[in-house]
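1. model this:
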Amino acid sequence: MTLDVRTISDSDVPQWVSALSVGFLQAATVPDEEVEIRRAGLDLDRTQGAFDEGRCVATFRSMPRELTVPGGALVAADAITNVSVSATHRRRGIAGRMMANALTAAKERGDALAILIAAEYPIYGRFGFGPATTITEWEIEVARATKSSAPAVVEPGRLEVITPAEALKLGPELHDRFRRRTPGAINRLDRWWELSTGKVRLPSEDWKEPLFVVHRDASTGRPDGLATYRVEEKWQGMLPNCPLTVSHLIAATPTAERALWRYLLSVDWVTTIHTGLRAPDDILLALLSDPRAARVSHSTDLMWLRLLDTPRALSARTYATPGTLVLAVDDPAGHASGTFRLEAAPDGTATCTPTDSTPDLTLTAADLATLYLGDASAVRLSALGNLTEHTPGAAARTDALFRTPRRPWCPDIF
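-> Purely as a prediction, here's the structure:
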């Protein structure tokens, strides 16, 4: 059997969308309107399909994104998504072929790294990806969480409930400020805002308009925080029992972040809050009068990362302490492999260059990816046998360089 793995053309889009729908356990028949909406989001040069006798049996695409790294630099990334292989064609190396094509093309374009959200954990390590950010979702019992004899805290600034059209107008600029101060965050395109505010609606997805609340700075009136949420109205007799679910909460300042959470904790009739995907070290729990009222409902890896240009990627971020480290990186695909000298200056900036020097430690490209944004520990990887120290204490020095005061966070599933 000959499989044709290639980038798709306009005429392939309808069956590509249908194959994607089946791959994600949805209907094989996709309305023309939805095909057109999805087509508008595709870059055909970065969209692949596998075809068996003309029928699409696998899908794969990527998108250009900017990833914020420690220090605030924006690094060009190839964001991979919509990866599916029909159950009729599993274990034939199709995903591997599409991934190899995409990574080679990304490196040729000059992307320093690739990112994805792994639907299944075991798949992507063999392609050089490592889990680089995690998320935590809490369920909060509001009455217990807010029970306190202390006076209510009122943050400076102003809160307003706004319309979807207003959110569409002010959201992009606000998010741009938020993501530049959040290592692990990526940029959102206009299409993201159109879908999240209902300006564009996919026929296959039920749409219920959410509520939007914006926080404005006390001195300038400029928007510096935005929360999107929905409330399900439920009553038991004459007693409200309404859960509130946060879709997104972004803030460009700590004041706005605190104010938005305090607002959500005070919404009438709400008994339970589902926080949505939050940073693992989110400040929310510290705002509660009883943090035990927050139960972890979900905690897991989210964004995975793969280095394509090791010197560029390591030179782009800042480091916690000055120092020099020589890393030998093993990458069977060759994109990130080599021995590199990382030199961090007292101001946090760094240079990374190829070297013939003896390495301080050896690790895989996937393990370096887990360390890159500052969340993982080289000492822990050493204890697991995942890296080799050639210089005593090299793993601890790696942690001193790479670890960050706040854990990286990607709030978006893409």
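
2. packing partners for the longest strand seen in the chain?
-> If you go by DSSP state E, the chain has its longest strand at strand 55-68. Counting contacts by 3 or more CB pairs under 8 Å, 6 or more residues apart in numbering; DSSP states H and E, strand 55-68 packs against helix 13-23, strand 47-52, strand 74-85, helix 94-109, strand 113-117. For the C-beta atoms, the positions are set from N, CA and C on the backbone; glycine is no exception.

3. now those in TSV, with distance to L277?
-> Formatted as TSV, the helices and strands packed on strand 55-68 follow (distance: least, CB to CB, whole Å):
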stretch	distance to L277
helix 13-23	23
strand 47-52	26
strand 74-85	16
helix 94-109	25
strand 113-117	11
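
4. dump those to TSV, plus mean neighbour count and mean pLDDT.
-> What follows is those, written out as TSV (neighbours: other CB atoms under 10 Å; pLDDT from 0 to 100):
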stretch	mean neighbour count	mean pLDDT
helix 13-23	21	97
strand 47-52	22	97
strand 74-85	21	98
helix 94-109	18	97
strand 113-117	25	98
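
5. quick one, what contacts T59?
-> T59 sits next to 16, 19-20, 23, 47-49, 82-84 when contact means CB atoms under 8 Å, 6 or more residues apart in numbering.

6. and which of the residues you listed is nearest V246?
-> Nearest to V246 among the contacts of T59: N82, at 25.8 Å, using CB to CB.

7. so the closest one versus M98, what's the distance?
-> From N82 across to M98, the span is 11 Å (CB to CB, to the nearest Å).

8. between those two, which contacts overlap?
-> Common neighbours of N82 and M98 (criterion: CB under 8 Å, 6+ apart): F60.

9. domain ranges for this protein?
-> Domains of the chain are assigned by automatic domain parsing as 4-111, 135-301, 309-402.

10. from A366, how far out is the residue nearest to T310 when sequence neighbours are not counted?
-> Of all residues not flanking T310 in the chain, A336 sits nearest, at 4.7 Å (CB to CB, 6 or more residues apart in numbering). Computed as CB to CB, the A336 to A366 distance reads 9 Å.

11. okay, and the common contacts of these two?
-> Common contacts of A336 and A366 (CB under 8 Å, 6+ apart): 128, 306.

12. out of the helices and strands packed on strand 55-68, nearest to P405?
-> Shortest distance between P405 and the helices and strands packed on strand 55-68, using CB to CB, is found for strand 74-85: 19.7 Å.

13. from the chain's centre, how far out does that closest one sit?
-> Put simply, strand 74-85 sits 11 Å off its chain's centre (CA atoms, centre = their mean, to the nearest Å).

14. one more: stretch 51-71?
-> With CA atoms, centre = their mean, you get 15 Å for stretch 51-71.

15. buried ones in that stretch, by neighbour count?
-> Neighbour-count burial for stretch 51-71 flags 51-52, 56-63, 65-70 (criterion: 16 or more other CB atoms under 10 Å).

16. may I ask which two of those residues are separated the most?
-> Within the buried residues of stretch 51-71, D52 and P70 form the most distant pair, 44.5 Å apart (CB to CB).

17. surely H175 is in contact with I250?
-> Yes. H175 lies in contact with I250 (CB atoms under 8 Å); the separation is 5.8 Å.

18. what residues are shared contacts of those two?
-> Here H175 and I250 have L226 as joint contacts, going by CB under 8 Å, 6+ apart.

19. re earlier: give me the mean pLDDT for the longest strand of the chain.
-> The average pLDDT within strand 55-68 is 98.

20. A118 versus H390, what's the distance?
-> Using CB to CB, we find H390 at a distance of 31 Å from A118.

21. okay, these two: which has more neighbours?
-> A118 (18 against 12; other CB atoms under 10 Å).

22. how about the contacts made by the more buried one?
-> By CB under 8 Å, 6+ apart, A118 lies in contact with 124, 129, 131, 301, 304.

23. got a pLDDT number for the second one?
-> For F129, the model assigns a pLDDT of 98.

24. so it makes contact with L307?
-> No. Using CB under 8 Å, F129 makes no contact with L307, being 9.4 Å away.

25. shared neighbours, these two?
-> Residues touching both F129 and L307 (CB under 8 Å, 6+ apart) are A369.

26. what pairs with the one helix or strand in the chain whose mean pLDDT sits lowest, parallel or antiparallel?
-> Sorting the helices and strands of the chain by mean pLDDT, DSSP states H and E puts strand 235-236 at the bottom, at a mean of 92. If you go by DSSP bridges, strand 235-236 pairs up with strand 239-240 (antiparallel).

27. and the very next helix or strand once past the partner strand, which strands flank it?
-> Using DSSP states H and E, the helix or strand that follows strand 239-240 in sequence is strand 242-251. Here strand 242-251 is paired, per DSSP bridges, with strand 223-231 (antiparallel), strand 270-274 (parallel).

28. pull the contacting residues for S18.
-> 28-30, 56.

29. separation between it and G49?
-> 11 Å.

30. hang on, A395 in a helix?
-> Yes. The assignment for A395 by DSSP: H, G, I helix; E, B strand; the rest coil puts it in a helix.

31. that one - how many residues pack around it?
-> A395 sits with 22 neighbouring residues when counted by other CB under 10 Å.

32. that one contacts A376, correct?
-> No. Taking CB under 8 Å as the definition, A395 is not a contact partner of A376, at 11.3 Å.

33. T324 is nearest to which of the strands paired with strand 242-251?
-> Proximity to T324 (CB to CB) singles out strand 223-231 among the strands paired with strand 242-251, at 39.3 Å.

34. residues of that closest one that come out buried?
-> Neighbour counts using 16+ other CB under 10 Å place 223-229, 231 of strand 223-231 among the buried residues.

35. which other residues reach it?
-> Applying CB under 8 Å, 6+ apart, the set of residues contacting strand 223-231 from outside is 157, 167, 170-171, 173-175, 177, 196, 208, 210-217, 242-253, 255-257, 259-260, 263-264, 267, 269-270.

36. ok, which pair from the buried residues of strand 223-231 is furthest apart?
-> Largest separation among the buried residues of strand 223-231 by CB to CB: D224 and V231, giving 23.8 Å.

37. which parts of the protein are helices?
-> Assigned by DSSP state H, the chain shows helices spanning 13-23, 32-40, 94-109, 142-145, 164-180, 190-197, 254-264, 284-287, 310-316, 365-372, 378-383, 394-402.

38. between those helices, which gets nearest to F414?
-> Closest approach to F414 among those is made by helix 190-197 (8.6 Å; CB to CB).
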